[in-house]
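**Q** structure here, sequence nowhere to be found:
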């Protein structure tokens with residue numbers, strides 16, 4: 001699903017690594033991840049899912065990022081830097097995505113009179129707190145982990161760069177805006193398809 005940040009982060013990594021892959025669109029918004037055929041491959045019924053040529057399958061976007069980045073400079077070998085990478089990946093899924101991505105989903109894809117629109121003010125409040133954590137962390141540093149771009153940056157970039165879709169004003173976060181520009185300037189960067 002090309003409009004999903006969780007799917008986009010994998011596209012971005014694969015494109016930046018210059019790896020060949022075949023993208024299969026699955027329309028989860030209209031039930032395609034709930035079919036018996038899809039559930040046989042991924043019982044959790046979500047995208048993304050990586051399917052290797054030998055038939056092995058891996059779900060969960062950040063687990064897939066780790067697998068694909070193994071042996072590249074985008075996933076540190078150093079135990080401390082790798083643990084910090086995992087810290088930011090967990091932060092992205094449990095503190096960032098539930099507010100920033102969910103606000104985006106509600107505001108962009110649900111009708112204006114949908115009952116879930118009532119959730120947006122609380123999502124914006126919590127999301128701004130999360131963006132504040134990122135803003136503070138980026139003070140005086142270019143990347144989330146160590147001195148170089150890595151999968152922690154890719155994971156956090158996916159939904160942060162389109163946070164305005166959810167109603168977030170990034171103009172009050174200069175460190176985040178500068179970091180977004182650095183991510184976009186990376187070789188092989190491809191934009192998300194909206």
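**A** Yes, it's here. Source: prediction; values computed, not measured.
**Q** from here on, just use CA atoms for contacts and neighbour counts.
**A** Noted.
**Q** buried ones in the helix or strand of the chain with the lowest mean pLDDT?
**A** Using mean pLDDT, DSSP states H and E, the weakest-scoring helix or strand in the chain turns out to be helix 36-41, at a mean of 90. By 16 or more other CA atoms under 10 Å, the buried positions in helix 36-41 come out as residue 41.
**Q** swap in stretch 127-146?
**A** So stretch 127-146, judged by 16+ other CA under 10 Å, has buried residues 127-128, 130-132, 134-135, 137-138, 142-145.
**Q** contacts for it?
**A** Contacts with stretch 127-146, where a contact means CA atoms under 8 Å, 6 or more residues apart in numbering, come from 81, 84-85, 88, 95-96, 99-100, 147-150, 152-153, 168, 173-176, 179, 182.
**Q** taking the mean pLDDT, what do you get for that stretch?
**A** Mean pLDDT, stretch 127-146: 98.
**Q** that one: end-to-end distance?
**A** Taking CA to CA, to the nearest Å, stretch 127-146 runs 25 Å from one end to the other.
**Q** now that stretch, how far from the chain's geometric center?
**A** A distance of 15 Å separates the centroid of the chain from that of stretch 127-146, by CA atoms, centre = their mean, to the nearest Å.
**Q** go on, stretch 74-89?
**A** 16 Å.
**Q** buried sites along that stretch?
**A** Neighbour-count burial for stretch 74-89, counted by 16+ other CA under 10 Å, picks out 74, 75, 76, 82, 84, 85, 86, 88, 89.
**Q** from those residues, which land in helices?
**A** 82, 84, 85, 86, 88, 89 (DSSP state H).
**Q** ok, back up a step: if we look at the helix or strand following the least confident helix or strand of the chain, which residues are touching it?
**A** The first helix or strand that comes after helix 36-41 along the chain, using DSSP states H and E, is strand 49-51. Under the contact criterion CA under 8 Å, 6+ apart, strand 49-51 has outside partners 42, 57, 58, 59, 60, 61, 64.
**Q** confirm that residue 6 sits in a helix.
**A** Yes. Assessed by DSSP: H, G, I helix; E, B strand; the rest coil, residue 6 belongs to a helix.
**Q** didn't it look like it was pressed against residue 63?
**A** No. Residue 6 is not in contact with residue 63 according to CA atoms under 8 Å; the separation is 11.0 Å.
**Q** which one of those two has more residues nearby?
**A** Taking neighbours as other CA atoms under 10 Å, residue 6 and residue 63 compare with residue 6 leading, 22 against 14.
**Q** distance check, the nearest residue to the more buried one once chain neighbours are set aside against residue 160.
**A** Computed as CA to CA, 6 or more residues apart in numbering, the closest residue to residue 6 that is not its neighbour in sequence is residue 61, at 5.6 Å. Applying CA to CA, the value for residue 61 to residue 160 is 16 Å.
**Q** and for residue 107?
**A** 15 Å.
**Q** just residue 141 next, same as before
**A** From residue 141 to residue 160 the distance is 17 Å (CA to CA).
**Q** for residue 85, same thing?
**A** With the distance defined as CA to CA, residue 85 ends up 17 Å from residue 160.
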